[in-house]
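[1] model this:
(2 chains)
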Amino acid sequence: MRNRVVITGVGVVSSLGDTPGCLQFSLCAGRRAVKPVELFSTAGLGCPLGGEIPSFDAQKYLGRRNLRPLDRTSRLVASAAQLALDDSGWSESMRKDEEVGLVLGTMFCSVHTISEFDRRALEAGPRYASPMDFSNTVINAAAGQTAILHNLRGINSTISTGITSGLQAIAYATEVIRSGRARAVLAGGADEMCFESFYGFDRAGMLCRSNESAGDFPIPFDKRRNGFALGEGAALLMLEDAHFARDRGARTLAEITGHGCGYDCSQGEDEESSVNAIALSVRHALNDAFTEPHEIDCLSASANGSYAGDRHEAKGIFAGLNGQTRKLPVTAIKSMLGETLGASGPLQAIALLETMRDGVLPGINGLEQVDDDFAFDMISPDNTQLDLEAALINSVGFDGHCCSLVMAKV
Amino acid sequence: MKQLRVVVTGIGVVTPIGTGRERFWTNLLEGRSGIGPVRSFDTSTYSVHRGAEVHDFEVENYLSNLDAAHLGRASQFAIAAARLALADANVEIASLDLERAGVSMGTTSGEPREVERFDDLFVSKKLERVGPEFLALYPSHVIAAHIARELRFAGINIMIPTACAAGNYAIAHAFDVLRAGRADLMLAGGSDSFSRITYTGFAQLGAIAPEVCQPFDRYRKGMIPGEGAGVIVLEPLSAARHRGARIYAEISGYGLSCDAHHMTAAQPTGDGAMRAMKQALEQSGTNPEDVNYISAHGTGTATNDRLETLAVKKLFGEAAYRIPMSSIKSMLGHTMGAASAIEAAACSLAVYHGRIPPTINLVEPDPECDLDYVPNYAREQTVRVAMNNAYAFGGNNASLILKKYDSLN
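    Numbering: from 1, shown residues only, chains lettered A, B, ... in the order given. Predicted coordinates:
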């Protein structure tokens, strides 16, 4: 017997709002966060666009706490954690008596902090490098800083699997609770917008280029797609053992019923291998959730506008669901948020919780011409009305990682 | 419900005291040090100059599919350790269901040399020379991904960058994956390369010893940054027995906790470390007095060694004085995310061979560190239960329990 895992609250800090309602409203209104980047200069780069959080101020969420030791990623995570703790009713005094865990998915934590620390030592000499900044150069820094700020003494782990980091962190936390190792774990992901990672993606040729017919933004699954836009954010779910949540009188938003993952050794170079890995990930998640393909009411895809990536995902989902995708409503919110890396999977989950509540699945902004051989009929720039019982959330990275999650009404 | 049992059947290490299980174990028992002058970069502007680097390493010996030019140093170490571990376990890749063969790795910094190259070009205003290789080589997940690519492993692939406790975290995760029936075989461990960033940071914290690493000694002066990789092969006991594998040890439980106290300083009460050890003992159904060996985190800094001793005494009580507790970091330096994986390999060997590696350079005991640290010479002693401790920045604590496999049980 395994313990059931429920979601009792969420915290989100995104370029389209800092409440689930606001995020959902923006997504359903077709608002696009992807705009010319203002945090740093993109002069000389191929892509000037990104989905920044405009005037992000952690003090808004964390009050007068001393935030000086926290970099942007840590501030995003600590803010989302505060929101999730409030939303799920985990007060400070409750956290004194019960160990709450934190499992954070992040691709980089802060490569900006790491690089800046090193550059200061290079330019001024090693004796001028800041010891305080050094503690933020480890990839588990944001999880550590957030644990300190919110007194989270339970299991504390950081997962790094590229784009799938956040969804993988939720899967990891789900196992921790299922096995009885913990009763309450904050799980999700975050990545910040910074020059260093932006530069890396731009040089790798992954970011969207100006496209006269499509305009300057990424359009997942559309024929005209030519890359993604980088985004940022933090999104955390409070996961709890279902009995424990019920006994403490917590409100439950949904249940995590299954997860699965796959790995493509060709890292997307070989279509068949990539499609197989995604299909395997979907099948594992469905099996784990004891759910049949026809029981899935909608898909939140990882698709971000990458030419090959979106194609492999469409085909992988088709294979994973045994060809039952024609009538499946599909959304891809990276059309509006951009690719938020570690935050992306948890953001997809939080948006779907809203769909579960209000029955509206956001359309794919800008979508006009779906590739002919993608077997999706219920894919559209317009919102879809649906009664959501069980959803499939998918996450696919560019280095071969795939992760899928099944989330259902309790 | 009867839990699936998980055993260690292969060991692969790349360390400052040698590559491969046999060389590593011989040198460990002989108390050899891998510490010397830093060669990776110029330390003339630093106040310290010594490190524990890997010098005898030829990555080409371990690559069949990938090109060394497209691999960072930590990935190279990791692939070598993975190949060595599989060979040591006598596992033929062709015999595996590759969709059920997975990789779980830990690291502190991922591939820091790639960001260091970015920084060199940045400060010399030649950033345009950074190409697609930065993103392909740098993010920490590439370490686990590269192992899988080289070996064609299509199962679970995960990177757990929980700094200096990462190896234990990665092994613990692989243990869970196997117990949940999500894989047939897992490669688990950690890898880190010698890094300017790490060296600068520890130097600025005043944590690096000028000459040697002497954990628990009264006059210890700090840690010595190191590099390397450790990977172990984990399988369900039934599978290992079925194929007649050599079983080094059984993994029987682990504990993870968070200090939630300070990013770089451990909790003064040792509470976080204690909770991790306690959880590990409970999960594995072990009485504290049954532990025969503790592989200490034992970095050699004044605070770590004192607090770790305190936490062990608080948890084990009087029994603490009867349990040998050594720090192999005295020989290897602190290999960061690889450290607890290499130490788990050492624990497996201690359990298998009934020999305990020493803490070298322990000349004058510290009155506050009054346990049995196996000073300077290896010891022959049956080890039925070993505990492997690891503590990290961010207050991440991880303890792992390894037991002697007894076919009669």
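[2] who's the residue in the stretch 251-400 of chain A that chain B sits nearest to bridged to?
    Relative to chain B, the nearest point of the stretch 251-400 of chain A is A:Tyr263 (4.0 Å; Cβ to the nearest Cβ). Backbone N, C-alpha and C define where each C-beta goes, glycine included. Applying DSSP bridges to A:Tyr263 gives these bridge partners: A:His401.
[3] Just give me the neighbour total for it.
    32 (other Cβ atoms under 10 Å in any protein chain shown).
[4] cool, and A:Arg209?
    11.
[5] my guess is it contacts A:Asn226, does it?
    Yes - using Cβ atoms under 8 Å, A:Arg209 is in contact with A:Asn226, at 5.4 Å.
[6] From the centroid of chain A, which residue is nearest?
    For chain A, the residue nearest the mean C-alpha position is A:Ser344 (2.1 Å; Cα atoms, centre = their mean).
[7] Now the helix or strand harbouring that residue: buried residues?
    Using DSSP states H and E, A:Ser344 sits within helix A:344-358. Residues A:344-356 are the ones in helix A:344-358 that count as buried (16 or more other Cβ atoms under 10 Å in any protein chain shown).
[8] swap in stretch A:257-274?
    Quick answer for stretch A:257-274 (16+ other Cβ under 10 Å): A:257-268, A:273-274.
[9] Closest to A:Ile379 out of these?
    A:Ser274 (20.2 Å; Cβ to Cβ).
[10] any idea which element that closest one lies in?
    helix A:271-288.
[11] tell me what the helix or strand that that helix is followed by is packed against?
    Helices and strands here follow DSSP H and E; after helix A:271-288, the next one along the chain is strand A:298-300. The contact analysis (3 or more Cβ pairs under 8 Å, 6 or more residues apart in numbering or on different chains; DSSP states H and E) places strand A:298-300 against strand A:330-331, helix A:344-358, strand A:390-396.
[12] one more time with 6 Å, if that's ok
    Judged by 3 or more Cβ pairs under 6 Å, 6 or more residues apart in numbering or on different chains; DSSP states H and E, the packing partners of strand A:298-300 are strand A:390-396.
[13] Kindly reformat the buried residues of stretch A:257-274 as a markdown table and extend each row with pLDDT.
    As requested, the buried residues of stretch A:257-274 are arranged in a markdown table below (pLDDT from 0 to 100):
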| residue | pLDDT |
| --- | --- |
| A:Thr257 | 98 |
| A:Gly258 | 98 |
| A:His259 | 98 |
| A:Gly260 | 98 |
| A:Cys261 | 97 |
| A:Gly262 | 97 |
| A:Tyr263 | 98 |
| A:Asp264 | 98 |
| A:Cys265 | 96 |
| A:Ser266 | 95 |
| A:Gln267 | 94 |
| A:Gly268 | 94 |
| A:Ser273 | 97 |
| A:Ser274 | 98 |
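[14] Throw the buried residues of helix A:344-358 into TSV and include distance to chain B and pLDDT, thanks.
    Converted to TSV, the buried residues of helix A:344-358 look like this (distance: Cβ to the nearest Cβ, whole Å; pLDDT from 0 to 100):
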residue	distance to chain B	pLDDT
A:Ser344	14	98
A:Gly345	14	98
A:Pro346	17	98
A:Leu347	19	98
A:Gln348	19	98
A:Ala349	19	98
A:Ile350	23	98
A:Ala351	25	98
A:Leu352	24	98
A:Leu353	25	98
A:Glu354	29	98
A:Thr355	29	98
A:Met356	27	98
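[15] any idea which of those is the one closest to A:Ala173?
    Checking the buried residues of helix A:344-358 one by one against A:Ala173 (Cβ to Cβ), the nearest turns out to be A:Pro346, at 10.7 Å.
[16] contacting residues for that closest one?
    When contacts are counted by Cβ atoms under 6 Å, 6 or more residues apart in numbering or on different chains, A:Pro346 touches A:Gly166, A:Gly188, A:Gly189, A:Ala235.
[17] Looking at those residues, which are in helices?
    A:Gly166 (DSSP state H).
[18] And chain B, split by domain according to the record?
    B:6-242, B:253-403 (automatic domain parsing).
[19] can you put these in a markdown table and add mean pLDDT and distance to chain A?
    Shown next, in a markdown table, are those (pLDDT from 0 to 100; distance: least, Cβ to the nearest Cβ, whole Å):
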| stretch | mean pLDDT | distance to chain A |
| --- | --- | --- |
| domain B:6-242 | 97 | 3 |
| domain B:253-403 | 97 | 2 |
